[in-house]
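1. Next comes the sequence, and after it the predicted model I'd like to discuss.
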Amino acid sequence: MHGSILNKLSLRSVLIVNVIVPLLLGVGAATYFGLRSMEYFVEQRLQEDVQLVARAIRLPVSYSLEKDRFGSVSQALQSVFRIGRVYGAYIYDADGKQIAAVGAVEPRKPQKDLVEVVEGGERKGQYEKIEGRRVYSYFVPLFDSAGKSSGILQITRKESDFEKYIHVLRLWAAITLAAAGIFISAFVLFGFHRAAGQYFTKLIRSMARVRQGERDHRADPEGPKEIADLARSLNEMLDSVNRYEREVAERRKQQEALENKLRQSEKMAAMGQLAAGVAHELGAPLSLIDGKAQRCLRDKEISEVHEKNFRDIRQQVQRMSEIVRQLLDFGKGAMREKRWTKAAQVAGSAVDIVKKEVGNTIKIVTEGPEPDPMIFVDPLRFEQALINLLRNAAQAENVTMVRLGWQSGPNREVIFTVEDNGSGIDQDIKSRIFEPFFSTRKNSANTGMGLSVVHGIIQEHEGAIEVVGTEMGGAGFRIELPPQQAGKNINKSVQGKENG
């Protein structure tokens with residue numbers, strides 16, 4: 001319950017409730033008890049004033065009574081009003097009979113008090129009522145020169161005189177207490193603001209900015225050690241949250257990439273099995289058709305029309321046989337044995353083969369590092385992958401230049417890139433570029449199997465291939481062979497080698 005109430009209060013309110021209010025209550029209690037002591041002291045001083053007046057006229061009055069000089073007695077009583085503020089002065093003989101009085105009101109005859117003073121011979125002070133007014137009466141015994149009791153002197157003073165002094169004292173105490181309360185509250189609140197409040201306010205503002213979406217904002221570690229530590233802890237928490245979110249995003253990205261690769265691999269594997277089956281089924285019929293057409297062409301009496309038709313049949317059969325071969329390569333692979341090979345050697349062989357096919361119409365260049373890296377591959381299979389990529393680049397629209405490059409990565413992986421300056425690949429077909437029989441070219445000689453075969457060969461070597469952008473403006477393919485497929489560099493470079 002207490003905690004729920006505190007949760008609804010500001011820090012300043014909590015400070016007022018838990019510090020300032022108890023402090024003011026303590027000051028008030030101390031002031032109260034101090035005021036009570038002061039009131040008692042003032043009352044004693046006022047009573048002493050009456051007693052001093054009585055003692056001052058005691059001897060003259062005693063002497064005048066002894067000499068029966070009642071005129072002198074009256075003068076002595078009249079002098080009381082010149083000495084101090086009194087309500088009345090009265091003289092009684094030894095029997096308690098009033099023999100002289102000065103004052104507006106006649107007091108009651110306190111026979112009991114008079115008897116006690118006469119018999120005891122001691123002074124006595126007390127409060128009593130005279131005509132509804134409370135007064136303080138002080139009794140002093142009078143003695144003659146022989147030491148015999150000759151009477152009693154009574155001096156009275158109104159209690160209201162006491163109360164006036166006490167009222168003024170209480171008023172000043174209340175004013176002082178109020179001023180002290182205001183000063184203490186202002187001093188404590190100001191001191192709290194200077195020492196901690198302003199830093200808490202800045203910290204709360206920083207937290208509000210973070211809550212509103214400024215995730216890169218950090219609090220300034222200012223103020224006392226505890227507040228500065230709190231700000232640093234907040235910053236460390238925000239840094240940890242950001243790191244965690246980045247790690248989660250990176251892991252999610254990696255997971256999505258792995259899932260995409262897995263789906264692609266599963267799809268390619270399924271299509272590979274289908275392609276291998278189709279290739280086996282087509283192989284025998286195609287061989288039979290080609291053989292029949294060849295025997296018909298040997299007939300010397302064949303007409304020109306039939307000869308042309310049979311030659312077209314053989315040409316299409318050869319094309320389909322090439323497709324069957326590619327299907328077999330795609331379906332089950334033909335990798336024989338891996339060995340350590342120079343990257344430049346494999347790249348150079350692939351470039352030489354494609355260069356003979358394209359002639360001087362397209363310029364092909366190679367770029368490699370010094371020293372040349374070693375790769376652990378099946379040279380013929382990996383060379384076939386590079387040939388297919390180079391052919392794909394050379395057959396693209398508006399291509400005049402193709403570049404084959406390779407380099408060592410920071411983790412000892414080897415990266416091959418094939419780029420051209422053609423029209424490039426549309427963004428919406430990049431995800432399908434490695435699918436079997438997928439092609440954007442209208443050339444009937446294109447089977448759509450070249451890049452699918454490349455994808456399969458790279459997977460055989462536990463590598464990865466992807467479509468990338470290129471500074472040349474056309475299409476770009478990036479092959480990455482993992483470290484276990486790449487060896488140490490050798491002191492040979494083919495950098496700047498140009499063919500054509």
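-> Here it is on my side, so go on.

2. where along the stretch 201-350 of the chain do the strands fall?
-> Listed in chain order, the strands found in the stretch 201-350 of the chain under DSSP state E, counting those that start in this stretch are 339-342.

3. which stretches of it form helices?
-> Under the criterion DSSP state H, counting those that start in this stretch, the stretch 201-350 of the chain contains helices at 225-298, 304-332, 343-358.

4. How far away from the center of its chain is the second one?
-> When C-alpha coordinates are averaged (C-alpha atoms, centre = their mean, to the nearest Å), helix 304-332 and its chain have centres 70 Å apart.

5. That helix versus helix 225-298: what angle between them?
-> Computed by axes from the mean of the first three to the mean of the last three C-alpha atoms, to 10 degrees, the angle separating helix 304-332 from helix 225-298 equals 150 degrees.

6. Kindly report the same for the shortest one.
-> Between the axes of helix 343-358 and helix 225-298, defined by the same axes, to 10 degrees, the angle is 40 degrees.

7. For helix 343-358, list every residue counted as buried.
-> Buried positions in helix 343-358, judged by neighbour count with 16 or more other C-beta atoms under 10 Å: Ala343, Ala344, Gln345, Val346, Ala347, Gly348, Ser349, Ala350, Val351, Val354, Lys355, Val358. The way it works is simple: take the backbone N, C-alpha and C, and place the C-beta from them, glycine included.

8. Of those residues, which is the nearest to Gly469?
-> In terms of C-beta to C-beta, no member of the buried residues of helix 343-358 lies closer to Gly469 than Ala347, at 21.4 Å.

9. So for that closest one, what's the pLDDT?
-> What the model reports for Ala347 is a pLDDT of 93.

10. my guess is it meets Arg403, correct?
-> No - counting by C-beta atoms under 8 Å, Ala347 stays clear of Arg403, with 11.1 Å between them.

11. Check the burial of Asn392 by counting its neighbours.
-> Around Asn392 sit 21 other residues, with neighbours defined as other C-beta atoms under 10 Å.

12. who's in contact with stretch 382-392?
-> Contacts with stretch 382-392, where a contact means C-beta atoms under 8 Å, 6 or more residues apart in numbering, come from 329, 341, 346-347, 349-351, 353-354, 357, 364, 375, 402, 404, 416, 418, 450-451, 453-454, 457-458, 461, 475, 477, 479.

13. Average pLDDT for that stretch, rounded please.
-> 91.

14. Same question for stretch 463-472.
-> 89.

15. what do you get for stretch 144-164?
-> Rounded mean pLDDT across stretch 144-164 is 74.

16. what's the answer for stretch 410-427, then?
-> Averaging pLDDT along stretch 410-427 gives 88.

17. Break down the stretch 401-500 of the chain into its helices, ranges please.
-> For the stretch 401-500 of the chain, the helices defined by DSSP H, counting those that start in this stretch cover 450-460.

18. all strands for it, in order.
-> In the stretch 401-500 of the chain, the strands defined using DSSP E, counting those that start in this stretch lie at 401-408, 414-420, 464-468, 476-481, 498-499.

19. Now the common contact residues for Ala347 and Arg403.
-> Common contact partners of Ala347 and Arg403 (C-beta under 8 Å, 6+ apart): Thr366.

20. Would you check that Arg55 makes contact with Val140?
-> Yes - judged on C-beta under 8 Å, Arg55 makes contact with Val140 at a distance of 6.9 Å.

21. higher neighbour count, these two?
-> Val140 (22 against 14).

22. Spatially central residue for this protein, please.
-> Taking C-alpha atoms, centre = their mean, the centroid of the chain lies closest to Leu238, which sits 4.2 Å from it.

23. List the contacts of that residue.
-> Leu238 makes contact with Val210, Arg215, Arg218 under the criterion C-beta under 8 Å, 6+ apart.

24. sorry, back to before: Serialize the helices of the stretch 201-350 of the chain to TSV and add fields for distance to Val467.
-> Below are the helices of the stretch 201-350 of the chain laid out as TSV (distance: least, C-beta to C-beta, whole Å):
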stretch	distance to Val467
helix 225-298	13
helix 304-332	19
helix 343-358	19
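
25. So which of those is the most surrounded?
-> Burial of the helices of the stretch 201-350 of the chain is given as mean neighbour count (mean count of other C-beta atoms under 10 Å); helix 343-358 ranks first at a mean of 19.

26. Give me the helices and strands touching it, please.
-> Judged by 3 or more C-beta pairs under 8 Å, 6 or more residues apart in numbering; DSSP states H and E, helix 343-358 is in contact with strand 363-367, strand 374-377, helix 379-394, strand 401-408, strand 414-420, strand 498-499.

27. now for the ones you listed, which one comes closest to Glu322?
-> Nearest to Glu322, of all the helices and strands packed on helix 343-358, is helix 379-394, at 12.8 Å by C-beta to C-beta.

28. How about the closest one, which residues are buried there?
-> With burial defined by 16+ other C-beta under 10 Å, the residues of helix 379-394 counted as buried are 379, 381-394.

29. Wait, Ile152 touches Phe143, no?
-> No - the criterion here is C-beta under 8 Å, and Ile152 misses it with Phe143 at 10.7 Å.

30. and these two? which has more neighbours close in?
-> When Ile152 and Phe143 are compared for neighbours, Ile152 comes out ahead with 23 against 16, by other C-beta under 10 Å.

31. need the contact list for Glu397.
-> By C-beta under 8 Å, 6+ apart, the neighbours of Glu397 are Gly422, Ser423.
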